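# turn this into a model:
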Amino acid sequence: MMVSVCMATYNGELYIKEQIDSILAQLTCDDELVISDDGSTDNTLNIIASYNDERIRLFHNNAHNFKWNFVNALENARGKYIFLSDQDDVWLPGKYARCLELLEVYDLVVTDSIMTDENLVVQVKSFFKFYHSGAGLLKNACYNTYFGSCMAFRREILQHALPFPKTKEIGHDIWLGLVAEIVGKPYFLNEPYLYYRRHSLALSNDLQKSIFIRSKRSIFVKVFSRIVVLFVVFRFYLKYHATQIGIHNNTSI
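Got it, this is the predicted structure:
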């Protein structure tokens, strides 16, 4: 049983070694860390090469886009179970084992995380409580709480999710979460298994603001974005269930 950890990188030299170390420490010799690099110009690629570890598979990407860099990694993943990983966080001990245990029952698992500053000093003890995270198709289509760095899922979810919607309004992680809501059974685990590192440039007073005013986008843009998400999700929902009805009818003949 192979596990794939998919990581997207771009100029991540400051923190990537700490993250790779935390991941490789939990993987078995049969697993893989699939890295898609989007044209790093710093020391990121040299750090990755320094490992000389056969479990690391590096792919070069030229999308210059966070979402499509992750999609490139996902399309090259070979595992039965897939984890998503940012380049600057840190896995906590037990993440791998606990997620695999839950994936025997659920199709997609989201774990809680601890929000920290760049030096891993704790800022918020529960990402879930801060973002009001939880399952629900309409809830997450309107206000996404599926964050990739905390997610692991079965390969079947990825197969249903492909090809990813081309609209920029739907990220790779929210799409995987919404697909899991429709075709499978997602689960939010109220245990933190990640240090979610917030860089000094991103860490601000926004942490204390209402979830409804954190984004700096205009109301018009926010509403338009939600309409696009709801439209794409509804279209996928109809297509999936029409396919299921067709399969059921064929097996009944």
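
# now stretch 171-191, how far from the centre of its chain.
Put simply, stretch 171-191 sits 9 Å off its chain's centre (CA atoms, centre = their mean, to the nearest Å).

# span of that stretch from start to end?
24 Å (CA to CA, to the nearest Å).

# then stretch 130-147?
Distance between the two ends of stretch 130-147: 13 Å, counting by CA to CA.

# show me where this protein has helices.
With DSSP state H, the ranges of helices along the chain come out as 16-24, 44-49, 66-75, 95-102, 127-131, 137-142, 155-161, 172-183, 219-252.

# and the contacts of the fifth one?
Residues outside helix 127-131 that contact it (CB atoms under 8 Å, 6 or more residues apart in numbering) are 112-115, 124, 133-134, 145, 147, 150, 188, 190, 192, 196, 207, 211. The C-beta positions use only the backbone N, C-alpha and C, and glycine is treated the same way.

# any chance of the helices of the chain in TSV, plus mean pLDDT, mean neighbour count and distance to D38?
TSV is the format used below for those (pLDDT from 0 to 100; neighbours: other CB atoms under 10 Å; distance: least, CB to CB, whole Å):
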stretch	mean pLDDT	mean neighbour count	distance to D38
helix 16-24	98	19	13
helix 44-49	98	16	10
helix 66-75	97	21	4
helix 95-102	98	18	25
helix 127-131	96	17	25
helix 137-142	96	15	26
helix 155-161	98	17	20
helix 172-183	98	23	13
helix 219-252	87	12	23
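
# distance to V5 for those - can I get that in a markdown table?
Shown next, in a markdown table, are the helices of the chain (distance: least, CB to CB, whole Å):
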| stretch | distance to V5 |
| --- | --- |
| helix 16-24 | 6 |
| helix 44-49 | 13 |
| helix 66-75 | 9 |
| helix 95-102 | 9 |
| helix 127-131 | 19 |
| helix 137-142 | 23 |
| helix 155-161 | 13 |
| helix 172-183 | 14 |
| helix 219-252 | 26 |
